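Q: predicted structure and sequence below. I'll ask about it afterward.
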Amino acid sequence: MSTITKLINTNSHDYNLRKTVEELLELAEVLIKKVNKKGGPKEPLDEKVIEEIGDVSIRIEVLKEIFGQKAVQDRITYKLGQFEEYIKENKYIGSI
């Protein structure tokens, strides 16, 4: 049994959702500090960003198992296709 499966089986559905939100908020906080405090002594180190990305990635894997790997992959494929169209049609030049 994988660690992801153990997390799903050990924790309640609501806990898994709340924990994902918590990790997402921690990533959001470190990213906004990275921008707002850029170049200053309180700018978070890249290692802190990497730590939070890792924590979020684990929780996303839990959610993918809960809500369906295929459904998530289908959405990713669809969205990347949209981005490709935007690029091809020169929409949103500079940012997508």
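A: Yes, it's here.
Q: could you point out the longest helix in this protein?
A: Criterion DSSP state H: the longest helix present in the chain is helix 13-36.
Q: report all helices and strands that that helix contacts.
A: In terms of contacts (3 or more C-beta pairs under 8 Å, 6 or more residues apart in numbering; DSSP states H and E), helix 13-36 is packed against helix 46-67. Every residue, glycine included, has its C-beta placed from N, CA and C.
Q: re earlier: any idea of the mean pLDDT in the longest helix of the chain?
A: Predicted confidence along helix 13-36 averages 98 (mean pLDDT).
Q: try stretch 87-96
A: Mean pLDDT, taken over the full extent of stretch 87-96, equals 79.
Q: gap between that stretch and the chain center?
A: In terms of C-alpha atoms, centre = their mean, to the nearest Å, the centre of stretch 87-96 is found 23 Å from the chain centre.
Q: what residues does that stretch touch?
A: Around stretch 87-96, the neighbours that count as contacts under C-beta atoms under 8 Å, 6 or more residues apart in numbering are 83, 85-86.
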